[in-house]
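Undergrad: okay, here's the prediction I keep looking at, along with the sequence it came from:
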There are 2 protein chains.
Amino acid sequence: MTETTQHPTPAEPGADAPCTGASGPGAPAARDGVRAPGRPRSERAEKAIIDAVIDLLAEESGVAGVSIEAVAARAGVGKTTIYRRWPNKEALIVHALATMKGPLPQPSGASVREDLLTLARGLRSERARKRIQCFWNVVGAAEKHPELYDRYRQDVIEPRREVFRDVLRRGVRTGEVRPDVDVEAAVAMLIGSLTGRFPTERQPDDFPDAVVDTLLRGIAAGAS
Amino acid sequence: MTETTQHPTPAEPGADAPCTGASGPGAPAARDGVRAPGRPRSERAEKAIIDAVIDLLAEESGVAGVSIEAVAARAGVGKTTIYRRWPNKEALIVHALATMKGPLPQPSGASVREDLLTLARGLRSERARKRIQCFWNVVGAAEKHPELYDRYRQDVIEPRREVFRDVLRRGVRTGEVRPDVDVEAAVAMLIGSLTGRFPTERQPDDFPDAVVDTLLRGIAAGAS
DNA sequence: TCCTTCCGAAACGCAGTCGTATCGAAGCCG
DNA sequence: CGGCTTCGATACGACTGCGTTTCGGAAGGA
């Protein structure tokens, strides 16, 4: 032990920007095809850790409710196994959130109404609900953990909003949507109405349909 | 000191349900016209405490970010002064939230569009922003503090939604709004779009106008 | 004036969390 | 088998927050 005990990163002799960049766990010393000596890191443990973080973030009361010890207990893992991969709590949460990117929804393109219905109903899926719940809690901590908020917004939320925008812009080209539509307002109305009151309040099953049709037709009398 | 040191509530001989009901601070022993002996409680301190709670709840990261010690420091008050009035942190926050009820907005009734614009623009006021910010954080902690969430929702949020509903229902009667409108969907679209993306993201100044007009006219081509 | 209550400040015991360190056991490779 | 690393468990010191208690002093009523 000459001077290597500063960071959990094991060997990795040169040019390793410390893993505080938080886009991934500390590499287990295998960069190229070079096999690292010793016991390899358990991929199973890593997945369990990330799942535990996401579950806790969605269920517990915000970022402050996610403690390393709770994560370790829930994942059935020692704290050592966590700190060997991430330098601190914030990096762990950032990485866990990044894994929620997942595949974007792909609307069929049959019609604007069909596409919006698909997207709106998709916001009720198990995975989407968890994503929205995490968003609530991350937003709540936005002032204290701005990096967390920015990254989650950019990586997870914004791409999904962009899918909504694309549907509307395509509708303008096909003539289904009036050309002077305010895309930002319309997207905010769709997403905001479907994600705004989640936690305990139940919405009727056809709420997405009602929102989409209200948006399309408007509420003023005299419109078709 | 015979047996009275169990509760901060000072004298108050009989039939005092302890103040844990959390709808108000422990009364300083003056119930009817009976003046309590000794120095009366400082009203100034009480206001400072409640303001501090609301500010912290809006700015800090959620309910967990509001600590009694932070409240005391921010209000320039000793912790004793807090615990003499409320039995614990949750009761304090519940009471502080209840004070945000304030007066409801009173739309003019000139037209549905005017009323909705007034209400929508009102959501950008200083006070409304703080209310919304608190709502974010209270919702985030809904699973851990359900009483907090329920009470805030009932006392503060729901009455304001009801004002929106009233405007729409009146519009149906006057013929300004189509009779088959889904009031819940329309209200959710208005409020959700205007409160959904607050914290750091800025909206253009005419965003409430865009939302109201989009809601009224719809986005489908062919409508007026 | 005397008496009661409230005031702010400080310290306490207790519990929870962070990040580190240490332990014996186990997995993988040569 | 022997060297390497990771594994889960446990304990540690430092810190923070809660809710209580004690303290000297101030404010108001009788």
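TA: It's in.
Undergrad: how close does A:Glu184 sit to DNA strand D?
TA: Going from A:Glu184 to DNA strand D by Cβ to the nearest atom of the strand, to the nearest Å gives 38 Å. Using the backbone N, CA and C atoms, a C-beta is placed for each residue, glycine as well.
Undergrad: and stretch A:100-118, how far out from the chain's middle?
TA: With Cα atoms, centre = their mean, to the nearest Å as the basis, stretch A:100-118 stands 18 Å off its chain's centre.
Undergrad: now the terminal residues of it, how far apart.
TA: 20 Å (Cα to Cα, to the nearest Å).
Undergrad: what about that stretch, average pLDDT?
TA: For stretch A:100-118, the mean per-residue pLDDT is 94.
Undergrad: what does stretch A:159-177 give?
TA: 96.
Undergrad: tell me the pLDDT of the closest residue to DNA strand D within chain A.
TA: At 1.9 Å from DNA strand D, A:Gly38 is the closest residue in chain A, using Cβ to the nearest atom of the strand. A:Gly38 is assigned 87 on the pLDDT scale.
Undergrad: distance of it from A:Arg74?
TA: Going from A:Gly38 to A:Arg74 by Cβ to Cβ, to the nearest Å gives 27 Å.
Undergrad: more crowded one of the two?
TA: A:Arg74 (15 against 10; other Cβ atoms under 10 Å in any protein chain shown).
Undergrad: check contacts around that one.
TA: Residues counted as contacts of A:Arg74 (Cβ atoms under 8 Å, 6 or more residues apart in numbering or on different chains) are A:Ala52, A:Asp55, A:Leu56.
Undergrad: hmm, stretch A:214-224 touching chain B?
TA: Yes: for stretch A:214-224, a contact with chain B is found by Cβ under 8 Å from any Cβ of the partner chain, at A:Thr214, A:Leu215, A:Leu216, A:Arg217, A:Gly218, A:Ile219, A:Ala220, A:Ala221, A:Gly222, A:Ala223, A:Ser224.
Undergrad: give the contact list for A:Ser67.
TA: A:Ser67 touches A:Lys89, counting by Cβ under 8 Å, 6+ apart.
Undergrad: wait, isn't A:Arg85 in contact with A:Lys47?
TA: No: checked against Cβ atoms under 8 Å, the pair A:Arg85 and A:Lys47 is beyond contact range at 11.8 Å.
Undergrad: pick the one among the contacts of A:Arg74 closest to chain B.
TA: Within the contacts of A:Arg74, proximity to chain B (Cβ to the nearest Cβ) peaks at A:Leu56, which comes in at 11.0 Å.
Undergrad: I figured that closest one hits A:Ala70, correct?
TA: Yes: using Cβ under 8 Å, A:Leu56 makes contact with A:Ala70 at a distance of 5.9 Å.
Undergrad: and those two? Which one has more around it.
TA: The residue with more neighbours, out of A:Leu56 and A:Ala70, is A:Leu56; 22 against 14, by other Cβ under 10 Å.
Undergrad: which residue packs closest to that one, ignoring adjacent ones?
TA: Using Cβ to Cβ, 6 or more residues apart in numbering or on different chains and skipping residues adjacent in sequence, the residue nearest A:Leu56 is A:Val66, 4.7 Å away.
Undergrad: from A:Lys101, how far off is the closest residue to A:Ser42 other than its chain neighbours?
TA: Among residues not flanking A:Ser42 along the chain, A:Thr81 sits closest, at 7.7 Å (Cβ to Cβ, 6+ apart). From A:Thr81 across to A:Lys101, the span is 24 Å (Cβ to Cβ).
Undergrad: so which of these two has more stuff around it?
TA: Shown here are A:Thr81 and A:Lys101; by other Cβ under 10 Å, A:Thr81 has more neighbours (17 against 13).
Undergrad: helices along chain A, start to end?
TA: Using DSSP state H, the helices of chain A run over A:43-59, A:68-75, A:79-83, A:89-98, A:112-122, A:126-140, A:146-152, A:158-174, A:183-195, A:207-217.
Undergrad: so which bits of the first one are buried?
TA: Going back to what we said before, that points to helix A:43-59. A:Ala45, A:Glu46, A:Ala48, A:Ile49, A:Ile50, A:Ala52, A:Val53, A:Ile54, A:Asp55, A:Leu56, A:Leu57, A:Ala58 (16 or more other Cβ atoms under 10 Å in any protein chain shown).
Undergrad: tell me the domain boundaries of chain A?
TA: If you go by automatic domain parsing, the domain ranges for chain A are A:39-98, A:112-217.
Undergrad: which one of these lies closest to B:Leu148?
TA: Checking the domains of chain A against B:Leu148 by Cβ to Cβ gives domain A:39-98 as the closest, at 10.1 Å.
Undergrad: circling back to that earlier point, only the buried subset of the residues of stretch A:214-224 next to chain B, as a PyMOL command please.
TA: A single PyMOL command selects the buried members of the residues of stretch A:214-224 next to chain B (16+ other Cβ under 10 Å):
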select buried, chain A and resi 214+215+216+217+218+219+220+221+223
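Undergrad: so which of the residues of stretch A:214-224 next to chain B comes closest to A:Val139?
TA: Looking across those and measuring by Cβ to Cβ, the closest to A:Val139 is A:Leu215, at 23.7 Å.
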